[in-house]
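**Q** Generate a structure from the sequence data that follows.
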Amino acid sequence: MGITRRRFVKHSSAAVAAVSLPMFVPSGAFGANSRISVAVIGLGGRGSHSHATSLGNQDGVEIVAVCDPDRGRLDGAARSVKHWFKRDASKHTDMRDIFKRDDIDVVSIATQVYWHGLSTIWACQSGKHVYVEKPLSLYMWEGKQMLAAARKHKRIVQHGTQHRSARGVAQAAKWTREGHLGKIKHINCFAIKPRQSLGKRKEPLKIPDSVDYELWCGPAKKLPIYRNRLQYDCRYDWNTGGGETLDQGIHELDVARAWLGEKKLPRRTMSIGGRFIWDDAGDAANAHVMCYDFPTAPIVHEIYNVQAPGFVDGLKLPKAIKGSRADRMLRHGPYGFVVTCEGGFVLTQAYQAHETCVAYDFKGKQIKAFHGRGGPNHFVNFIEAVRSGKREHLHAEIEEGFISTATVQTANIAHRLGSVAPVKKQREAIAGVGGFTEAFERLQTTLKHHKIDPSSATLGPWIQIDRDKQRVKGDDKADPLVDGQYRKPFTVPDLSA
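**A** Have a look, this model is predicted:
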């Protein structure tokens, strides 16, 4: 559905209130009525529609350029901009042409994740403000360089974790941290997103003539493709993505971390999971249970790309909440959280405009409900911060995006350093970790439903994390997974000095 200017005006003030920011954002370098010109880079469904409309429908904002190495997507996006905004946007296949232009103020990046790092750094270096999709980066080190570029060049950079603009979630988190249910014991967050096999071709996929494959690969290795689709499914290949764990999981983890008020990486991380059922060209886990050990409380994180029947019942919530609005929405997703405290829990189903949070005691009696609508105001918040020139006004400033993304990346690192282990050894690894036992049992139930031996799962070891240096400690095998590897001339620069 198209997003109208009127809807943006309606939701603008709610965006600012969502995280207790001032209702008035002062004008800055651009002024309240100054024109802001935007280039959208990466023109899949997210970029060509959501980014273009969410920015172009705001007063004083104009989409002046679009960019993608796929000429079919490029032409289609240019036609859409012409239809929506009655203006011609210039077309570019190479994003470097965008960064050479001094008539562009903002770039909105919706490329595949392996391009996020370099494109954001180039944008900051060229003096442009940035909205960059989630997850922030493919590698931890890369994310640090993005943050360094934003700070060095004093750029406004918003990360696309839009639940940071969800009013109900922010209110519920604040209420919980105030101690109304006692101390937080642990948070379980989860997303069930069944997918299909990527396919496994005997002959490489023919790259369409419309795609400049050199530019499409960019920093990633330029390799033949043996899956059935080039574009979307590249996120399940370690060369170009981090699987559902990184792609969708960043949303759940980001909210859970914000709920705890944690500002650093966890002390340690471990995982259990694997790629099951499909013998396909993907290599990222499609059933993955993780634990992030934060000082405040552990976060247990579950991601499934396969059917997980009985998952919601496996949460073992009180029978009294069955049939409630929160319970119905949870079963419709399920994307959400159970924040378990000493005196009760908060059940959250937080997905786009449908988010709702309800606090219960352990008998299932409702204590308090928090309702609010999220949606497009994350982009409004970004433009307001660009106008004010103050990164503090952002709901998801790049440093928050870096910490959340790097946290999820530690789970993928643990998984990739792991090995297949019997169930007994898996149980021993999670002993005493709050919230993990039931998550582990849900994984066992899911695997058995699909006739998969749970002892075929990969046990990712507990990896220790240097929270200040933001690296994995004491494991040389982890270093390449932290630092990544890049193909010349698309090399991410070291900006740490």
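**Q** Run a quick check on residue 465 versus residue 292, I expect a contact.
**A** No - if you go by CB atoms under 8 Å, residue 465 and residue 292 don't touch, sitting 9.3 Å apart. For glycine as for every other residue, the C-beta is placed from the backbone atoms N, C-alpha and C.
**Q** Spit out the residues that contact those two alike.
**A** 266, 269, 410 (CB atoms under 8 Å, 6 or more residues apart in numbering).
**Q** Could you look up the SS state of the first one?
**A** Per DSSP: H, G, I helix; E, B strand; the rest coil, the local secondary structure of residue 266 is coil.
**Q** Test my guess that it contacts residue 407.
**A** Yes - between residue 266 and residue 407 there is a contact under CB under 8 Å: 6.1 Å.
**Q** who touches both of those two?
**A** Contacts common to residue 266 and residue 407, judged by CB under 8 Å, 6+ apart, are residue 292.
**Q** More neighbours: those two, which one.
**A** Higher neighbour count among residue 266 and residue 407: residue 407, with 27 against 24, using other CB atoms under 10 Å.
**Q** ok, the more buried one to residue 189 distance?
**A** 12 Å (CB to CB, to the nearest Å).
**Q** list residues touching both of those two?
**A** Common neighbours of residue 407 and residue 189 (criterion: CB under 8 Å, 6+ apart): residue 253.
**Q** give me the low-pLDDT residue ranges for the stretch 251-400 of the chain?
**A** In the predicted model, the stretch 251-400 of the chain carries pLDDT under 70 at residues 333, 350-355, 372-376.
**Q** could you pull out the strands for it?
**A** 268-274, 287-293, 298-304, 335-341, 344-349, 356-360, 366-371 (DSSP state E, counting those that start in this stretch).
**Q** so which of the ones you listed gets nearest residue 49?
**A** Nearest to residue 49 among the strands of the stretch 251-400 of the chain is strand 335-341; the distance by CB to CB comes to 21.1 Å.
**Q** The closest one - contacts with which helices or strands?
**A** Counting contacts by 3 or more CB pairs under 8 Å, 6 or more residues apart in numbering; DSSP states H and E, strand 335-341 packs against strand 184-192, helix 249-260, strand 344-349.
**Q** can you list the strands of the stretch 251-400 of the chain in JSON lines and add mean neighbour count?
**A** Formatted as JSON lines, these follow (neighbours: other CB atoms under 10 Å):
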{"stretch": "strand 268-274", "mean neighbour count": "26"}
{"stretch": "strand 287-293", "mean neighbour count": "26"}
{"stretch": "strand 298-304", "mean neighbour count": "26"}
{"stretch": "strand 335-341", "mean neighbour count": "23"}
{"stretch": "strand 344-349", "mean neighbour count": "26"}
{"stretch": "strand 356-360", "mean neighbour count": "25"}
{"stretch": "strand 366-371", "mean neighbour count": "16"}
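**Q** now those in TSV, with distance to residue 225?
**A** Formatted as TSV, the strands of the stretch 251-400 of the chain follow (distance: least, CB to CB, whole Å):
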stretch	distance to residue 225
strand 268-274	23
strand 287-293	24
strand 298-304	24
strand 335-341	30
strand 344-349	36
strand 356-360	41
strand 366-371	44
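**Q** out of those strands, nearest to residue 450?
**A** strand 287-293 (8.8 Å).
**Q** re earlier: out of the helices and strands packed on strand 335-341, flag the one nearest residue 105.
**A** Of all the helices and strands packed on strand 335-341, helix 249-260 sits nearest to residue 105, with 26.8 Å by CB to CB.
**Q** Now do stretch 34-47: distance from first to last residue.
**A** One end of stretch 34-47 to the other measures 24 Å (CA to CA, to the nearest Å).
**Q** what comes up buried for it?
**A** Neighbour counts over stretch 34-47 (16 or more other CB atoms under 10 Å) mark 36, 38-44, 46-47 as buried.
**Q** just stretch 144-160 next, same as before
**A** Neighbour count says stretch 144-160 has 144-150, 153, 155-160 buried, by 16+ other CB under 10 Å.
**Q** now these in a markdown table, with secondary structure, distance to residue 257 and pLDDT?
**A** As requested, the buried residues of stretch 144-160 are exported to a markdown table (DSSP: H, G, I helix; E, B strand; the rest coil; distance: CB to CB, whole Å; pLDDT from 0 to 100):
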| residue | secondary structure | distance to residue 257 | pLDDT |
| --- | --- | --- | --- |
| 144 | helix | 17 | 98 |
| 145 | helix | 21 | 98 |
| 146 | helix | 18 | 98 |
| 147 | helix | 16 | 98 |
| 148 | helix | 21 | 98 |
| 149 | helix | 23 | 98 |
| 150 | helix | 20 | 98 |
| 153 | coil | 27 | 98 |
| 155 | coil | 24 | 98 |
| 156 | coil | 22 | 98 |
| 157 | strand | 18 | 98 |
| 158 | strand | 17 | 98 |
| 159 | strand | 13 | 98 |
| 160 | coil | 16 | 96 |
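**Q** neighbours of residue 396, just the number please.
**A** Neighbours around residue 396, by other CB under 10 Å: 27.
**Q** Isn't it up against residue 157?
**A** No - contact criterion CB under 8 Å: residue 396 and residue 157 do not qualify, at 9.4 Å.
**Q** And the protein, what are its domain boundaries?
**A** 5-164+376-395, 166-374+405-483 (automatic domain parsing).
**Q** Could you identify which of the ones you listed is most buried?
**A** Scoring the domains of the chain by mean neighbour count under mean count of other CB atoms under 10 Å gives domain 5-164+376-395 as the most buried, with a mean of 21.
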